[in-house]
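**Student:** sequence and predicted model, in that order:
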Amino acid sequence: MKTDLDNARLTLERGGYTCALCRGEETFTGTGHGVRPLMDWIRQGADLRGCSAADRVVGRAAAFLYARMKVKAVHGVLMSEGGRQVLEAYDIQASWDTLVPEIRNRTDTGPCPMEQAVQTARTPEEAYQFIGAAIIRMRSEKATD
């Protein structure tokens, strides 16, 4: 019998999504970059408690958001050591294909901006606030370029 995590991983692999969450017969999928789908679900008030998630990239930022959503398991195709630590701290089952020291930005010139945003976060709520502020800051910087 397939578990919710098995179903989430299959959905991610076969569907071309960036993340997939499963809970029984329910499936939630996202195609946005980075933490965007997770932030959208939180803002929309989606009840994802008890879901199992599969995600292409799981760093500290995504891990804190999954903890805020109260999922029970997360599999990352790529997971950072910091993401693993956050998941374990919140008793969320963590698995990965590749474990790396940190998540890098898209140009591989430094750390991911969302990882930098949650560098000092100690709780999922604090991380959510820091991520929201970083998104606003990045949008305003892009608008002035």
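**Tutor:** Here it is on my side, so go on. Residues are numbered from 1 along each chain as shown.

**Student:** helix or strand for the residue positioned nearest the centre of the chain, which one?
**Tutor:** For the chain, residue 62 is the residue whose C-alpha lies nearest the centre (CA atoms, centre = their mean; 2.7 Å). Using DSSP states H and E, residue 62 maps to helix 60-69.

**Student:** which residues are in contact with the helix or strand following that helix?
**Tutor:** Downstream of helix 60-69, the next assigned helix or strand under DSSP H and E is strand 73-80. Outside strand 73-80, the residues within contact range by CB atoms under 8 Å, 6 or more residues apart in numbering are 4-5, 8-9, 12, 52-60, 62-63, 66, 83, 87, 92-103, 115. For every residue, glycine as well, the C-beta is placed using N, CA and C.

**Student:** run the chain-centre distance for strand 73-80.
**Tutor:** Its chain's C-alpha centre and that of strand 73-80 lie 8 Å apart, by CA atoms, centre = their mean, to the nearest Å.

**Student:** in helices, which of the contacts of strand 73-80 fall?
**Tutor:** The helices, defined by DSSP state H, take in 4-5, 8-9, 12, 60, 62-63, 66, 83, 87, 115 from those.

**Student:** kindly reformat these as TSV containing distance to residue 39 and pLDDT.
**Tutor:** Shown next, in TSV, are the ones in helices among the contacts of strand 73-80 (distance: CB to CB, whole Å; pLDDT from 0 to 100):
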residue	distance to residue 39	pLDDT
4	22	97
5	22	98
8	19	98
9	22	97
12	18	97
60	15	97
62	10	98
63	14	98
66	12	98
83	16	98
87	18	98
115	15	95
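
**Student:** now do the SS call for residue 122.
**Tutor:** At residue 122, secondary structure determined by DSSP: H, G, I helix; E, B strand; the rest coil is coil.

**Student:** for residue 105, see how far away it is.
**Tutor:** 24 Å (CB to CB, to the nearest Å).

**Student:** returning to that earlier point: separation between the nearest residue to the residue nearest to the centre of the chain once chain neighbours are set aside and residue 3?
**Tutor:** Among residues not flanking residue 62 along the chain, residue 35 sits closest, at 5.5 Å (CB to CB, 6 or more residues apart in numbering). Using CB to CB, residue 35 is found at 24 Å from residue 3.
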